[in-house]
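>>> My questions concern the predicted model and sequence given below.
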Amino acid sequence: MKSSTRLRWIWIACFAILMNALAPAISHAVNGKPHTWEICLNDGTRVSGVGELDYATFVAVTDRAKAQSPAQPMAQMDMEDCSYCLPHAGWFGLPPSGLVLPLPLDSAALRPTLFYQSPLPLPVWSASNPRGPPAHA
């Protein structure tokens with residue numbers, strides 16, 4: 001593959017990753033509805049509102065000191081509008097394999113022992129002389 005073609009595919013992949021990260025925010029920005037906010041809590045509840053979310057409202061909404069009734073997380077959150085929670089859910093890669101390839105632990109097993117004992121390269125390991133026709137002068 002040519003380097004220009006490969007570079008083009010790299011840029012396409014980077015653009016696709018960027019669009020995956022920014023598409024939910026862009027789609028909400030061009031929607032034209034009033035500013036809304038939504039906070040997904042770790043117990044599965046979803047808190048949403050309209051208008052600006054200031055610090056006092058955020059603390060009041062996410063306060064964990066008040067008692068909460070245990071509920072089914074999936075019953076409270078229908079998972080249809082939470083754009084930032086679900087991009088990873090469509091991952092259809094292969095599961096990791098349990099196959100482990102054995103690697104040689106002994107470095108002497110890579111070459112014969114005579115290779116390490118000879119002071120000069122033996123003829124077996126030296127490059128052969130080229131055997132072409134003589135050059136025409």
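That came in fine, so what should we check first?

>>> Quick check: what element follows the helix or strand of the chain with the lowest mean pLDDT along the chain?
Every helix and strand of the chain was ranked by mean pLDDT, DSSP states H and E. The lowest is helix 73-76, at a mean of 46. The element immediately downstream of helix 73-76 (helix or strand, assigned by DSSP states H and E) is helix 113-117.

>>> residue ranges with poor pLDDT in the chain?
Within the chain, the ranges that satisfy pLDDT under 70 run 64-96, 101, 103-110, 121-130, 134-137.

>>> Show me it divided up by domain.
1-31, 33-63+73-88 (automatic domain parsing).

>>> Would you reformat those as TSV and include mean neighbour count and distance to residue 115?
Quick note: C-beta positions are derived from backbone N, CA and C, even for glycine. Shown next, in TSV, are these (neighbours: other CB atoms under 10 Å; distance: least, CB to CB, whole Å):
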stretch	mean neighbour count	distance to residue 115
domain 1-31	10	38
domain 33-63+73-88	11	51
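
>>> Could I get these in TSV, plus columns for distance to residue 120?
What follows is the domains of the chain, written out as TSV (distance: least, CB to CB, whole Å):
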stretch	distance to residue 120
domain 1-31	42
domain 33-63+73-88	59
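
>>> between those domains, which gets nearest to residue 112?
Residue 112 lies closest, by CB to CB, to one member of the domains of the chain: domain 1-31, at 39.0 Å.
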